[in-house]
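Participant: starting from these lines, generate the structure:
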Amino acid sequence: MKQQIWIIAALALIGFSTLVLAQQSDFEVKERFRQMYEALKHEIDSARTKEEMAQLASRINGLESEFAEHRKLISGAFYPRTFESMITDLRDQHAVAQLKNTTIQEQGERIASLENQISILNTQIEGLNAEHEMLLAKLHSAQTSLAEQRELIKRLRDNLAAKDRLVHTLVDSIFLPFGKNLNTLSEVQKDALAKRLEKANIIARIADIAQDNITFLGSTKLEAKDYSTLVAQYDQFKNRWTGLKEKLTAAVAATPTSARGAKAQQAVAVASNNAEQVDAALTEWRSKLDASFWASLMNEFTSRNILIQPFNDGKSFSASIRSYVESAKNSSDESTRIFVDEIWIQRIDKDWRSALESESMLGKLEYASLDRLVSQLHKERFNWQIVFWIANVIAVILVGWWFLSRKPKATQQETVAAKSNA
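Facilitator: Just a heads-up that it's a prediction; the model follows:
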């Protein structure tokens with residue numbers, strides 16, 4: 001009996017040891033799979049090169065092959081996830097990371113191209129600055145003829161327009177890699193954007209363009225046809241600046257938290273100050289443009305001795321024209337003819353119309369309304385002339401007809417008389 005008890009105890013011990021060893025083996029399998037799985041997930045997130053991505057794809061396949069015979073054990077240990085779903089998750093994560101890395105590499109190449117473009121644009125802008133100074137110096141020279149002055153004014157105007165386009169192209173090139181929403185940028189992206197803006201000195205460049213236009217208006221004698229382009233350039237510049245102002249200042253202010261401090265605060269203060277300079281320059285630019293525009297337009301009337309109410313903006317110009325037309329409706333003197341034919345038709349409608357139709361000056365609707373009023377004045381004056389000439393023509397026709405209608409009768413009477421005599 002004693003011997004049987006020892007045998008049973010020995011068998012129980014062996015069975016228990018086997019169970020413990022089996023449990024330990026299952027635990028080791030699960031733990032080793034978990035460690036390899038977590039390591040792969042981490043390495044996939046940190047991989048950056050094509051070689052690393054290729055090695056990770058091979059290791060995922062190796063993990064699947066190594067633990068395929070333990071799929072039931074692993075599925076039970078990580079329930080509700082299964083062995084198959086965990087391997088699929090690794091492959092999905094790898095595919096996303098591979099696409100992301102490919103995109104980053106492409107963006108890197110694109111950014112490098114944009115950096116080269118930015119460098120070229122900066123060089124071109126500096127070249128335009130030098131040309132601008134040279135053209136101004138020539139314009140102020142007493143040796144230039146009137147024809148040369150007109151050509152220099154045109155070149156200066158084109159120079160300013162070209163520099164404006166280049167600066168805004170430069171802005172677009174700087175912002176393009178970062179998308180539209182600056183709030184979603186990473187710390188590294190914000191730092192890169194702030195450095196580019198600081199290096200390009202964008203806001204200061206825009207302020208320089210506004211100041212150059214102020215200098216241009218004060219240094220040149222403009223003609224009516226110049227103002228159409230100048231008004232359009234100002235309106236375009238203002239609209240662009242309005243759209244860029246908040247974006248530029250926000251971008252400079254959006255320095256990463258790691259860079260905050262005295263340097264960051266100084267950069268924001270400089271950007272804010274430069275933005276205020278642009279606003280002030282725009283105000284002065286508008287003031288000088290308006291003063292030159294309306295004074296030159298007023299000269300169209302005063303130089304021909306047409307008495308018209310003074311004006312200095314679109315509203316007062318409209319009131320002045322309406323007042324003159326009203327007073328000239330019942331007038332047929334020479335001044336009305338000059339106003340209609342020589343000033344409005346030959347000068348205002350041909351050379352000033354495009355600038356006046358700008359919404360910042362008069363506007364298309366108001367110009368069309370004034371043009372109709374002047375046209376009515378012209379028709380009234382013209383219709384009297386038509387009546388006069390028509391009356392003269394009718395009189396000539398009637399007289400001619402009277403003579404022609406009487407001539408055959410006289411001839412017939414002479415024939416009858418001759419026959420009687422015979």
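Participant: can you give me the buried ones in stretch 217-237?
Facilitator: Judged by neighbour count using 16 or more other CB atoms under 10 Å, the buried positions of stretch 217-237 are 217, 220, 222, 224, 226-231, 233-234, 237. Every C-beta, even on glycine, is put in place using the N, C-alpha and C of the backbone.
Participant: now stretch 294-307
Facilitator: For stretch 294-307, the neighbour count (16+ other CB under 10 Å) marks W294, S296, L297, M298, E300, F301, I306 as buried.
Participant: and what about the fifth one, helix, strand or coil?
Facilitator: This points to E300. Assigned by DSSP: H, G, I helix; E, B strand; the rest coil, the conformation of E300 is helix.
Participant: for the last one, same thing?
Facilitator: Secondary structure of I306, reduced to three states by three-state DSSP: coil.
Participant: now A47. Its backbone dihedrals?
Facilitator: Dihedral pair for A47: phi -70, psi 140, per degrees, to the nearest 10.
Participant: ok, now S173?
Facilitator: Backbone geometry at S173, expressed as degrees, to the nearest 10, gives phi -70, psi -30.
Participant: about what we covered before: widest-spaced pair of the buried residues of stretch 217-237?
Facilitator: Spanning the widest gap among the buried residues of stretch 217-237 are A224 and F237, at 21.3 Å by CB to CB.
Participant: report how many residues lie close to L289.
Facilitator: L289: 21 surrounding residues under other CB atoms under 10 Å.
Participant: that should have said I338, apologies.
Facilitator: Other residues close to I338 by other CB under 10 Å number 15.
Participant: got the phi/psi numbers for the closest residue to it other than its chain neighbours?
Facilitator: Nearest in space to I338, with sequence neighbours left out and distances taken as CB to CB, 6 or more residues apart in numbering, is R304 at 5.5 Å. Note on R304: its backbone torsions stand at phi -110, psi 20 [degrees, to the nearest 10].
Participant: helices and strands around the helix or strand hosting D172, which ones?
Facilitator: Following DSSP states H and E, one finds D172 within helix 146-175. Secondary-structure packing of helix 146-175 (3 or more CB pairs under 8 Å, 6 or more residues apart in numbering; DSSP states H and E): helix 83-139, helix 187-200, helix 202-219, helix 224-253.
Participant: dump the C-alpha coordinates for the third one into CSV.
Facilitator: Listed next in CSV are the C-alpha coordinates belonging to helix 202-219 (Å, rounded to 0.1, in the frame of the first residue of the first chain):
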residue,chain,number,x,y,z
ILE,A,202,8.9,90.1,-46.6
ILE,A,203,6.9,92.8,-44.8
ALA,A,204,9.8,95.3,-45.2
ARG,A,205,10.0,94.6,-48.9
ILE,A,206,6.2,95.3,-49.3
ALA,A,207,6.6,98.6,-47.4
ASP,A,208,9.5,99.5,-49.7
ILE,A,209,7.2,98.9,-52.8
ALA,A,210,4.5,101.2,-51.3
GLN,A,211,7.2,103.9,-50.6
ASP,A,212,8.6,103.6,-54.1
ASN,A,213,5.1,104.3,-55.5
ILE,A,214,4.9,107.4,-53.3
THR,A,215,8.3,108.6,-54.6
PHE,A,216,7.2,107.9,-58.2
LEU,A,217,4.0,110.0,-57.8
GLY,A,218,6.0,112.9,-56.4
SER,A,219,8.7,112.7,-59.0
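Participant: pLDDT value on the residue lying closest to K138 once chain neighbours are set aside, please?
Facilitator: Of all residues not flanking K138 in the chain, L152 sits nearest, at 5.6 Å (CB to CB, 6+ apart). pLDDT recorded at L152 is 73.
Participant: what do you get for I60?
Facilitator: pLDDT recorded at I60 is 88.
Participant: do the one 5 residues further on as well
Facilitator: With respect to pLDDT, S65 scores 88.
Participant: go ahead and confirm F311 touches S320.
Facilitator: Yes. Taking CB atoms under 8 Å as the definition, F311 is a contact partner of S320 at 4.7 Å.
Participant: before we move on, back to that, tell me the angle the helix holding D172 makes with helix 202-219.
Facilitator: 170 degrees (axes from the mean of the first three to the mean of the last three CA atoms, to 10 degrees).
Participant: need the contact list for I390.
Facilitator: Contacts for I390 (CB atoms under 8 Å, 6 or more residues apart in numbering) come out as none.
Participant: does it count as helix, strand or coil?
Facilitator: I390 - assigned by three-state DSSP - is helix.
Participant: gap between T88 and T82?
Facilitator: Between T88 and T82 the distance, using CB to CB, to the nearest Å, works out to 9 Å.
Participant: now the common contact residues for the two.
Facilitator: Joint contacts of T88 and T82 (CB under 8 Å, 6+ apart) do not exist.
Participant: so where's the stretch 1-150 of the chain uncertain?
Facilitator: 1-24, 101-122, 124, 139-146, 149 (pLDDT under 70).
Participant: swap the cut-off to 50 and go again
Facilitator: In the predicted model, the stretch 1-150 of the chain carries pLDDT under 50 at residues 9-10, 12-24.
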